[in-house]
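A.B. asks: Mind folding the following:
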Amino acid sequence: MAKKKKIMEVGVLSRFAADGGNPFDAIAAHGVGVTQLCNWDMSKWTPENAKKIKRYSRDSGVRLAAVWAGYSGTNAWNLVDGPSTLGIVPPGTRQQRVADLKLGADFASWCGAPAIITHCGFIPEAPSDPLYQGTLDAIGEVAGYCRKLGLGFWFETGQETPVTLLRVIEDLGLPNLGINFDTANVILYGKANPLDALDVFGKYVTNLHAKDGLYPTNGRELGREVPVGEGKSNYKKLIPRLHEIGFTGEIVIEREIEGEQQTRDIIKTIKLLRKLIRKTLGDKKK
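C.D. replies: Below is the predicted model of the structure:
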């Protein structure tokens with residue numbers, strides 16, 4: 001029997017285990033039952049691995065909320081070289097990355113995930129920009145492919161302004177589009193305040209990355225990621241606002257460090273989010 005989906009269920013991001021074991025065991029050990037599987041290695045998108053993921057999900061009791069699909073080639077996570085290297089905006093790598101994302105969609109379909117998520121890149125602000133239409137066509141090609149497979153295509157936020165992302169969704173007009181709202185990324189890239197961003201594209205938000213950060217302090221580098229509650233995301237206001245606009249999706253914790261501190265931060269964030277969700281849902285019922 002399928003596990004019943006909870007409203008605003010807290011989860012943790014996962015990756016393929018380096019030792020080839022069950023990557024969801026570590027997720028279950030945190031006491032959560034949902035994850036997004038993130039992968040940047042195209043060689044892992046195989047039917048054999050999809051069968052393993054389905055088995056791992058069943059064995060661990062961890063539901064797969066989406067597949068986070070990376071792509072091949074160079075990626076510069078900064079404000080100077082990022083626009084020319086990230087996503088499917090750069091023309092030189094666009095065709096290969098469209099193929100990469102389609103393979104990621106195949107994998108999501110094979111393992112029973114409902115959608116793929118990705119960064120599309122620094123989508124141009126102006127529709128008249130020469131890169132805009134080509135980027136739009138490429139996104140439409142991948143999203144249309146996902147639709148044929150019965151999958152959603154969800155944009156992870158951050159590298160574009162909220163209104164640009166809204167325009168892309170409107171221009172494409174496809175019913176399977178959604179947003180994986182990374183509440184830190186809009187800050188780290190200097191693009192928006194998370195709470196205000198919901199006023200722009202809130203109705204399209206399907207998942208969240210629970211993450212926090214500080215705004216850039218120079219024009220070349222991203223802002224700094226910090227533990228949830230120590231940055232500008234303001235989850236005390238975000239959780240109630242999400243509930244107000246009807247959000248019922250998963251809130252998946254992403255802490256982009258490694259080691260014991262990552263584990264401590266994840267545990268702390270789980271407790272904080274669950275407390276805020278209980279308070280929000282409880283207050284709503286009164």
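A.B. asks: what are the ranges of the helices in the stretch 51-200 of the chain?
C.D. replies: Assigned by DSSP state H, counting those that start in this stretch, the stretch 51-200 of the chain shows helices spanning 82-85, 91-111, 130-148, 162-172, 185-188, 194-201.
A.B. asks: Show me the one of those that comes nearest I53.
C.D. replies: helix 91-111 (4.4 Å; Cβ to Cβ). Heads up, the C-betas are built off the backbone N, CA and C, glycines and all.
A.B. asks: for the closest one, what is the average pLDDT?
C.D. replies: For helix 91-111, the mean pLDDT works out to 98.
A.B. asks: and that helix, what other elements does it pack with?
C.D. replies: Here helix 91-111 is seen to pack against helix 47-60, strand 63-69, strand 115-118, helix 130-148 when contacts are counted using 3 or more Cβ pairs under 8 Å, 6 or more residues apart in numbering; DSSP states H and E.
A.B. asks: quick one on the thing from earlier: what about the helices of the stretch 51-200 of the chain, which gets the closest to V67?
C.D. replies: Comparison of the helices of the stretch 51-200 of the chain against V67 by Cβ to Cβ identifies helix 91-111 as nearest, at 4.0 Å.
A.B. asks: For the closest one, buried residues please.
C.D. replies: Buried residues in helix 91-111, counting neighbours by 16 or more other Cβ atoms under 10 Å, are found at 93-94, 97-98, 100-111.
A.B. asks: Equivalent analysis for stretch 213-221, please.
C.D. replies: Residues of stretch 213-221 classed as buried: G213, L214, Y215, P216 (neighbour count, 16+ other Cβ under 10 Å).
A.B. asks: next one: stretch 23-30
C.D. replies: Judged by neighbour count (16+ other Cβ under 10 Å), stretch 23-30 contains these buried residues: P23, F24, A26, I27, A28, H30.
A.B. asks: With stretch 74-93 instead?
C.D. replies: Under 16+ other Cβ under 10 Å, the buried positions of stretch 74-93 are N75, L79, G82, P83, T85, L86, G87, I88, V89, P90, T93.
A.B. asks: Now do the contacts for D171.
C.D. replies: If you count contacts by Cβ atoms under 8 Å, 6 or more residues apart in numbering, D171 has them with P127, L136.
A.B. asks: Do you know the pLDDT at it?
C.D. replies: With respect to pLDDT, D171 scores 98.
A.B. asks: same thing with the one 4 residues further on?
C.D. replies: Predicted confidence (pLDDT) at P175: the value is 98.
A.B. asks: neighbours around it, how many?
C.D. replies: If you count neighbours by other Cβ atoms under 10 Å, P175 ends up with 9.
A.B. asks: Pull up the gap between the closest residue to it other than its chain neighbours and I257, please.
C.D. replies: In space, and not counting its chain neighbours, P175 is closest to R147: 7.4 Å by Cβ to Cβ, 6 or more residues apart in numbering. Plainly put, R147 is 36 Å away from I257 if you go by Cβ to Cβ, to the nearest Å.
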